[in-house]
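Undergrad: this one's sequence-less:
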């Protein structure tokens, strides 16, 4: 893609309405545009990044055997009355009357709807276990939406639901999801801590929040740094091993300030292992057994032909929120560097161009074509602008690798730079190898 | 995927609420489940097919240089008041009041919102032409939703918007989109006819509907069969050639019954070339110049620095509707055969299984693993059920190729069948070759 063709409305001014750095960066680099309070359009740059995150989330859901489907955004109030949550949910639920006066709502979450799908489809224990998920827009009518995509009204979320015959079986599903979350955040190059959590309005008796470290995060975190030594890849994908993995994680001290007690911290964590930092919640998993299946009469025949309420859990990842959270974690000292796995482009080619000399631009175009043949997705900055402005701009766009075609590039060797590192002079062949790794 | 694991609630009974065959088939094969009147959940089988259609639509949009983005589902009423459509749109627009009493709506289309994005981002003719598109859920509060996904309330649609400096330039964008639509429907293995159309509530002075042939379609069609001889691949992707392509198409007689005149049909079309059939609208493109940009003050500096309203067109494809439309076109004599490009699986393996003999199942599993290695996405029917029931079921699920492991399969040769054709006995190597072509 040529930068001059890309629909990327970059602004030079710091947007005054944005209070946190992710919101500022997303507006400045034209990733999003607010359409009304707490509701955004995703412009091509932001959209591309969000879709890459979505795809990683999807692959890690599929890899534990979860099946993708899609529930609608608009739901009938009836199922929410069955579960008893219609009156409880409060004003954050966007309530709608259709033209025939029926009470509808824009789904803030989908426990009721998936239970309704399941009860009409599955009758026998033979079809269990089952995990279904979808990635869909949801709505919360926040009274004070703020912080850009971090606390907005219309947001994009992956939510999964597990169905099992017994509490014991259900915990195996829970552990699989726990594992899939760790793998997902690893692929996003994030340090994520699973933390035992309160269950809140979803309910239930087992719950973990996944919190990523970011100095500007919303919650304070106290943890034993050994938690980062646990590598989910060391565990086999079987029930026993995954059980051990969750135990290994939960044995290590890690709490948010709500649960923090100084004496415990000092008692359980060696001084040199103590870390105190901030974090952002990006995922939350719940096990709530028959909280929804019981009132909604979602019954399964067990092995003896006896009917029993199916046992359920739900598992969320905020996909649009993650875009902001990753910026909070990775944007430091005026430089944003996207993790390679979700960078909008693999590399940006930055030629020094002047009105009378297009030689560097032609070189850049040749390199662009070469990379394209190798399926390397390059951005070519063909804008006529001085190099210092270009570098400032690309520090914000955040493509992690740059090929700079200026005075240091001679013959077939080019200046190659990884953001936040020194540049080096490399042949195009070596550059290709670096980009492909 | 093993069929016993797939979340596919197949029903044997013909659903009484479904009046047309696509609606019937989608309910019977568990592709969708109604959640409330005119609103559906897409279960894994239906979801997978819809996603494949979406991906083809996306690729053909990208290939003409359109850029993907995403606008929200909930819009503010303000921009609709600016364009003047807020009061005109009628009761099909789902109007919403948020908790603070603001007038919002669930977008039925996005001309206003994209104009708002564009006017705040682009100021100069240098950034033109530009085509932006998104694939997003939309809502129309149909008073009598019916025919399943063909006329529902919440529907999935690709809508693109072009921006040009002059009417003349804008028609080049229009022709590009015309070309991309023909390519899209070709890849979906549909016979699509572009027909000059009235512009309706979108407005404007140039418009084409794309109608696919299906005997159960909603509108009657009178056409010269030579229209199917025009191959869009024969035209180069440049402005002159695409102009000629559109002219070649529009020169040939093809109208819906609204515009049909018997004397014209007989005058312009040879008797032996006349076809009278039915069709379903699956796409609609509009050129409406400054209908929205003028009232919404979306101005561009032209080459002389003079401000002028940007010239716009809009281009829709009903992605969820296409799923139903393709069934209407391809489901005949109780056999559904999905086009290869969007089939939910590349092939289904059907072993004959009995309680005491699992040999065929084991053979099937070996073949499944072999195909997996070649990235062939197979469905294995491991359900313990007699073969005649299995065949009936797979006639509905519609995977176009079958490997049947029964009495005709000996040693390493297997019965291979393309739906609606005779089966043949082939080695696995030959089967792989057939599936990969």
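TA: Great, that's in hand. Quick caveat: nothing in here was measured; it's all calculated off a predicted structure. Numbering: from 1, shown residues only, chains lettered A, B, ... in the order given.

Undergrad: which of the residues in the lengthiest helix in chain A are buried?
TA: Of all segments of type helix in chain A, defined using DSSP state H, the longest is helix A:167-187. For helix A:167-187, burial by neighbour count (16 or more other CB atoms under 10 Å in any protein chain shown) applies to A:169-187. In this view, the C-beta of every residue, glycine as well, is placed from N, C-alpha and C.

Undergrad: and what of stretch A:221-230?
TA: For stretch A:221-230, a neighbour-count test (16+ other CB under 10 Å) marks A:221, A:222, A:223, A:224, A:227 as buried.

Undergrad: now do stretch A:251-261
TA: For stretch A:251-261, using 16+ other CB under 10 Å, the buried residues are A:252, A:253, A:254, A:255, A:256.

Undergrad: got it, and stretch A:60-69?
TA: For stretch A:60-69, the buried set under the neighbour-count rule, 16+ other CB under 10 Å, comprises A:60, A:61, A:64, A:66, A:67, A:68, A:69.

Undergrad: Could you do stretch A:416-424 as well?
TA: For stretch A:416-424, using 16+ other CB under 10 Å, the buried residues are A:416, A:417, A:419.

Undergrad: Ok, stretch A:337-351 next?
TA: A:337-339, A:342-351.

Undergrad: Also stretch A:300-315?
TA: A:300, A:308, A:309, A:310, A:311, A:312, A:313, A:314, A:315.

Undergrad: what's the offset of that stretch from the middle of its chain?
TA: 31 Å (CA atoms, centre = their mean, to the nearest Å).

Undergrad: Give me the mean pLDDT for stretch A:304-313.
TA: If you average the pLDDT over stretch A:304-313, you get 96.

Undergrad: just stretch A:323-332 next, same as before
TA: 97.

Undergrad: Just list what the longest strand belonging to chain A packs against, helices and strands only.
TA: For chain A, the strand with the greatest residue count under DSSP state E is strand A:274-289. For strand A:274-289, the elements it packs on are helix A:167-187, strand A:192-196, strand A:206-213, strand A:219-224, strand A:311-318, helix A:319-330, judged by 3 or more CB pairs under 8 Å, 6 or more residues apart in numbering or on different chains; DSSP states H and E.

Undergrad: packing partners for the first one?
TA: Pointing back at helix A:167-187 there. The contact analysis (3+ CB pairs under 8 Å, 6+ apart) places helix A:167-187 against helix A:44-62, strand A:130-139, strand A:154-164, strand A:192-196, strand A:206-213, helix A:239-251, strand A:274-289, strand A:311-318.

Undergrad: hmm, the last one touching chain B?
TA: What that stands for is strand A:311-318. No - Strand A:311-318 does not reach chain B (CB under 8 Å from any CB of the partner chain); its nearest approach is 14.5 Å.

Undergrad: what about that strand, distance to the chain center?
TA: 15 Å.

Undergrad: Just want the angle from that strand to strand A:206-213.
TA: Strand A:311-318 runs at 10 degrees relative to strand A:206-213, counting by axes from the mean of the first three to the mean of the last three CA atoms, to 10 degrees.

Undergrad: Strand partners (parallel or antiparallel) of strand A:311-318?
TA: strand A:154-164 (antiparallel), strand A:274-289 (antiparallel) (DSSP bridges).

Undergrad: Kindly calculate the angle that the last one makes with strand A:219-224.
TA: I take that to be strand A:274-289. 100 degrees.

Undergrad: same deal with the shortest one?
TA: An angle of 50 degrees separates the directions of strand A:154-164 and strand A:219-224 when computed by the same axes, to 10 degrees.

Undergrad: Can you list the strands that the lowest-mean-pLDDT helix or strand in chain A pairs with?
TA: Of all helical and strand segments in chain A, the minimum by mean pLDDT, DSSP states H and E falls on strand A:254-256, at a mean of 88. Here strand A:254-256 is paired, per DSSP bridges, with strand A:219-224 (antiparallel).

Undergrad: hmm, back to that, now, which of the buried residues of stretch A:221-230 sits nearest chain B?
TA: When these are compared for distance to chain B (CB to the nearest CB), residue A:221 wins out at 32.1 Å.

Undergrad: beta partners of the closest one?
TA: Going by DSSP bridges, residue A:221 forms beta bridges with residue A:256, residue A:277.

Undergrad: Just list the residues touching it, thanks.
TA: A:193, A:195, A:211, A:213, A:254-257, A:275-279 (CB atoms under 8 Å, 6 or more residues apart in numbering or on different chains).

Undergrad: So for it, what's the pLDDT?
TA: Residue A:221 is given a pLDDT of 92.

Undergrad: Kindly report the same for the one 3 residues further on.
TA: We have a pLDDT of 95 for residue A:224.

Undergrad: With the one 10 residues further on instead?
TA: Per-residue confidence (pLDDT) for residue A:234: 94.

Undergrad: Tell me the buried residues in stretch A:121-139?
TA: Those would be A:121-122, A:125, A:127-139, for stretch A:121-139 by 16+ other CB under 10 Å.

Undergrad: got it, and stretch A:134-154?
TA: For stretch A:134-154, by 16+ other CB under 10 Å, it's A:134-142, A:145, A:147-154.

Undergrad: can you tell me the distance between the two ends of stretch A:159-168?
TA: When the termini of stretch A:159-168 are compared using CA to CA, to the nearest Å, they are 22 Å apart.

Undergrad: Kindly provide the distance from the residue nearest to residue A:195 when sequence neighbours are not counted to residue A:258.
TA: Leaving out its chain neighbours, the residue that sits closest to residue A:195 by CB to CB, 6 or more residues apart in numbering or on different chains is residue A:209, at 4.9 Å. To residue A:258, residue A:209 is 11 Å away according to CB to CB, to the nearest Å.

Undergrad: same question, residue A:398
TA: For residue A:398, the distance to residue A:258 - CB to CB - is 33 Å.

Undergrad: picking that back up, which single one of the buried residues of stretch A:337-351 is nearest to residue B:356?
TA: Nearest to residue B:356 among the buried residues of stretch A:337-351 is residue A:342, at 52.2 Å by CB to CB.

Undergrad: correct me, but that closest one touches residue A:49?
TA: Yes - counting by CB atoms under 8 Å, residue A:342 does reach residue A:49; the two are 5.7 Å apart.

Undergrad: Tell me which residue in the stretch 201-350 of chain A sits closest to chain B.
TA: Counting by CB to the nearest CB, the stretch 201-350 of chain A gets nearest chain B through residue A:320, at 9.7 Å.

Undergrad: So that residue is in contact with residue A:156, correct?
TA: Yes - assessed by CB under 8 Å, residue A:320 is found in contact with residue A:156 at 4.0 Å.

Undergrad: now the helices for the stretch 1-150 of chain A?
TA: Assigned by DSSP state H, counting those that start in this stretch, the helices in the stretch 1-150 of chain A fall at A:21-28, A:44-62, A:77-83, A:111-121.
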